[in-house]
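Participant: Okay, predicted coordinates and the sequence, questions at the end:
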Amino acid sequence: MKLYVNLRYLIVPISSLITLFGIFLGGIYAWIGVILFGIYTIIDTVTKDIHLRAETDDDGNSFGIKQFQYLVMYFMLPVFITLQLALAWRIFQYVDSSIIESAYFAGFAYESGINTTNLIGASLSAALWAGLGIIYGHELSHNKKEGFLVSRLIMALSGASHFTYAHVYNHHLDLGHQDDPATAPRGRNVYWHTWLSHIGQSKFSFDMEKKKLGKQNKSFLSFDNRWILGYVYSLPSIILFVWAGGLIGLLALAAVWVIANFLLEALNFMGHYGLIREEGKPVEHRHSWDNDSVFTSWFFIEIGRQCDHHVRGETYFWELDDVGGPNYGIGYFSLFVLTLVPPLFRSYVKKHLDNWDQNYATDAEKVIAKQFENKNLIAQVAS
Amino acid sequence: MFGLFTKKNKDFIASVNENSFEVKVIKGKTLLSSALDQGIDWPHRCKVGSCGSCKCKIISGKIKPQIDFAYVLDQEELDAGYVLACQSELKSDIEVEVIFKNKQE
Ligand code: FES
């Protein structure tokens, strides 16, 4: 049981390594990261009705092995760095117009040089799997000490190092309220949410540093400014891609960052869309959506158990459980596909929101929900 | 490396409000989570170091902060020895003061 509980969370590490290997092999294999993403969407959809509880021994202790899970999470930082290095190498070959031919490295046959189509595949593959670094960046943001720095560095690879601070100090405190940029109000679509949430969280981190440094009588332009430092952590990626491919390199990195941040914000979007909390009231299970079908749970290292996570923020992912909170009933992959088509998402989520209003919301939350409904109706009539 | 393989297993005692009661804090656990595990109604809200509700004043002894408290506590509070219980492990036995909403037995 112990082995199974710990090994089941290795889907992303193994898939990231396969993606990395695909970019190294080149040719059509550069697309493997995209193909895996597609396969996993199908698996997640097919297994949507299987939901498991957290497994514990007779004394209620989790089977998760902290040292092992931490080792895996720390290991993912060099994996994500190598993924960027591999993509930069391919961009360098492309810009350099290297001849496309078979070559060998340590006994492995790979394709040296890359054409435009396969470079797009490599970029998309790297972006999707680097974007999934959020699951480790998120978990480690809550487990301070060295883990916090590893979280910052993983997020910096996607230009989103501010997330680590904003997630803890803003999202966890202001969840379900308009002060939380990561909570999407009813009627907003995932595309608009991505920009608003990203910029909002970065601004929060900026303001927080300004306030802290002010209290300490330090200049905003200081090495102690962690908002600035977060962007400094992203500089090596920019330098690498500009060096590898100039403008094309920069465009590829921009694509990686946009896709990675889109995935990050889509997770925020799905986790709290339309849920409401009265200002000053405690965060409770009803202020998050759970997505805990089996594949989502294992793949996203239980990040979908949002209801429990937001009440027990200090709890390791392998200890999180179903707490009977609002649940979409489908996994993140399936729901993500729906979010890509906003009218489809809104019509799917309507019955869940109605259920939330009727069975979970307090009277005060119902009043706020009604205000949103009226606002959206006015917006629809006006357009 | 990264404390992953550290074997040391030292527990410490937090003596609360002039020894009204004690909290046993095992290695790797925070003061707040230990207090809650022992059924003490220690004030708290977010448990992730962002709200400040769990703040308490260290009278003696050493703690290991898990985050920079300066985002939540004022400089005067920091100078006076205030910490966030949800983000503090212990490095020694401590004496601590905390204001409870409901009086602890
Ligand atoms: S419980 Fe919120 S800062 Fe400790």
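Facilitator: Right, received. Where do you want to start?
Participant: What count of nearby residues applies to the residue of chain A found nearest the ligand?
Facilitator: Using CB to the nearest ligand atom, the single residue of chain A nearest to the ligand is A:Leu173, 7.9 Å away. C-beta here means a position set from N, CA and C on the backbone, and glycine is covered the same way. By other CB atoms under 10 Å in any protein chain shown, 19 other residues sit near A:Leu173.
Participant: In terms of helices and strands, where is it?
Facilitator: Assigning secondary structure by DSSP states H and E places A:Leu173 in helix A:172-174.
Participant: just A:Val349 next, same as before
Facilitator: Going by DSSP H and E, A:Val349 is in helix A:342-359.
Participant: ok so, going back, residues making contact with the helix holding A:Leu173?
Facilitator: With CB atoms under 8 Å, 6 or more residues apart in numbering or on different chains as the contact definition, helix A:172-174 has outside contacts at A:Asp180, A:Thr183, A:Val283, A:His310, A:Gly313, B:Cys46, B:Val48, B:Ser50, B:Cys51.
Participant: same question, stretch A:102-114
Facilitator: Contacting residues not belonging to stretch A:102-114 are listed as A:24-27, A:29-30, A:90, A:93-94, A:97-101, A:122 [CB under 8 Å, 6+ apart].
Participant: Narrow these to those in helices?
Facilitator: Counted as lying in helices by DSSP state H, out of these, are A:Phe24, A:Leu25, A:Arg90, A:Gln93, A:Tyr94, A:Ala122.
Participant: okay if I get the residues you listed as JSON lines plus neighbour count?
Facilitator: Listed next are the ones in helices among the contacts of stretch A:102-114 as JSON lines, based on neighbours: other CB atoms under 10 Å in any protein chain shown:
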{"residue": "A:Phe24", "neighbour count": "18"}
{"residue": "A:Leu25", "neighbour count": "16"}
{"residue": "A:Arg90", "neighbour count": "26"}
{"residue": "A:Gln93", "neighbour count": "20"}
{"residue": "A:Tyr94", "neighbour count": "22"}
{"residue": "A:Ala122", "neighbour count": "30"}
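Participant: Looking at those residues, which is nearest chain B?
Facilitator: Set against chain B, the nearest of the ones in helices among the contacts of stretch A:102-114 by CB to the nearest CB is A:Phe24 (27.5 Å).
Participant: Would you mind measuring from the closest one to A:Gly107?
Facilitator: Per CB to CB, to the nearest Å, A:Phe24 is found 13 Å from A:Gly107.
Participant: what's near enough to touch the closest residue to B:Ile58 other than its chain neighbours?
Facilitator: The shortest distance from B:Ile58 to any non-neighbouring residue, by CB to CB, 6 or more residues apart in numbering or on different chains, is to B:Gly81 (4.6 Å). Residues near B:Gly81 by CB under 8 Å, 6+ apart: B:Lys57, B:Ile58, B:Ile59.
Participant: so how many other residues sit close to the closest residue to A:Lys215 other than its chain neighbours?
Facilitator: Using CB to CB, 6+ apart and skipping residues adjacent in sequence, the residue nearest A:Lys215 is B:Gln75, 5.4 Å away. By the measure other CB under 10 Å, the count of residues near B:Gln75 is 12.
Participant: Surely B:Gln75 touches A:Leu213?
Facilitator: No: counting by CB atoms under 8 Å, B:Gln75 does not reach A:Leu213; the two are 11.5 Å apart.
Participant: Let me know the next secondary structure element after the longest helix along chain B.
Facilitator: Longest helix of chain B, by residue count under DSSP H: helix B:31-37. Next helix or strand after helix B:31-37 toward the C-terminus (DSSP H and E): strand B:55-60.
Participant: circling back to that earlier point, now the ones in helices among the contacts of stretch A:102-114 in CSV, with pLDDT?
Facilitator: As requested, the ones in helices among the contacts of stretch A:102-114 are exported to CSV (pLDDT from 0 to 100):
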residue, pLDDT
A:Phe24, 96
A:Leu25, 96
A:Arg90, 98
A:Gln93, 97
A:Tyr94, 97
A:Ala122, 97
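Participant: Reformat those residues as a markdown table; add distance to the ligand.
Facilitator: Putting those into a markdown table (distance: CB to the nearest ligand atom, whole Å) gives the following:
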| residue | distance to the ligand |
| --- | --- |
| A:Phe24 | 45 |
| A:Leu25 | 48 |
| A:Arg90 | 45 |
| A:Gln93 | 50 |
| A:Tyr94 | 49 |
| A:Ala122 | 43 |
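Participant: Just give me the closest of those residues to A:Gly60.
Facilitator: A:Phe24 (44.7 Å; CB to CB).
Participant: any idea how far the ligand is from B:Ile63?
Facilitator: 13 Å (CB to the nearest ligand atom, to the nearest Å).
Participant: Just to check, B:Gly61 is in contact with B:Glu95?
Facilitator: Yes: with contact defined as CB under 8 Å, B:Gly61 reaches B:Glu95; the gap is 6.3 Å.
Participant: which neighbours do those two share?
Facilitator: B:Ala14.
Participant: which of the contacts of helix A:172-174 come close to the ligand?
Facilitator: When contact is defined as CB under 6 Å from any ligand atom, the contacts of helix A:172-174 meet the ligand at B:Cys46, B:Ser50, B:Cys51.
Participant: among these, which are within reach of chain A?
Facilitator: Under the cut-off given by CB under 8 Å from any CB of the partner chain, chain A has B:Cys46, B:Ser50, B:Cys51 from these close to it.
Participant: Need the worst-confidence member of these.
Facilitator: Lowest pLDDT among these: B:Cys46, with 88.
Participant: Up against chain B, what does the stretch 1-150 of chain A have?
Facilitator: Neighbours of chain B within the stretch 1-150 of chain A, by CB under 8 Å from any CB: A:Gln67, A:Tyr70, A:Leu71, A:Tyr74, A:His142, A:Lys144, A:Lys145, A:Glu146, A:Phe148.
Participant: Recalculate using a threshold of 10 Å.
Facilitator: A:66-68, A:70-71, A:74, A:141-148, A:150 (CB under 10 Å from any CB of the partner chain).
Participant: Please narrow the residues you listed to those residing in helices.
Facilitator: Within those, residues falling in helices by DSSP H are A:Lys66, A:Gln67, A:Phe68, A:Tyr70, A:Leu71, A:Tyr74, A:Ser141, A:His142, A:Glu146, A:Gly147, A:Phe148, A:Val150.
Participant: Pull out the buried members of the residues you listed.
Facilitator: With burial judged by 16 or more other CB atoms under 10 Å in any protein chain shown, the buried subset of these is A:Phe68, A:Tyr70, A:Tyr74, A:Ser141, A:His142, A:Gly147, A:Phe148, A:Val150.
Participant: Excluding covalently adjacent residues, which one is nearest to the first one?
Facilitator: Just to be clear, that refers to A:Phe68. Closest residue to A:Phe68 apart from its sequence neighbours, by CB to CB, 6+ apart: A:Asn6 at 5.5 Å.
Participant: Pull the number of nearby residues for that neighbour.
Facilitator: Residues lying near A:Asn6 (other CB under 10 Å) number 16.
Participant: Tell me the buried residues in the host helix or strand of A:Lys366?
Facilitator: Using DSSP H and E, A:Lys366 sits within helix A:363-382. Residues A:Glu365, A:Ile368, A:Ala369 are the ones in helix A:363-382 that count as buried (16+ other CB under 10 Å).
Participant: what is the mean pLDDT for that helix?
Facilitator: Mean per-residue pLDDT for helix A:363-382: 80.
Participant: how much does that helix deviate in direction from helix A:342-359?
Facilitator: In terms of direction (axes from the mean of the first three to the mean of the last three CA atoms, to 10 degrees), helix A:363-382 departs from helix A:342-359 by 150 degrees.
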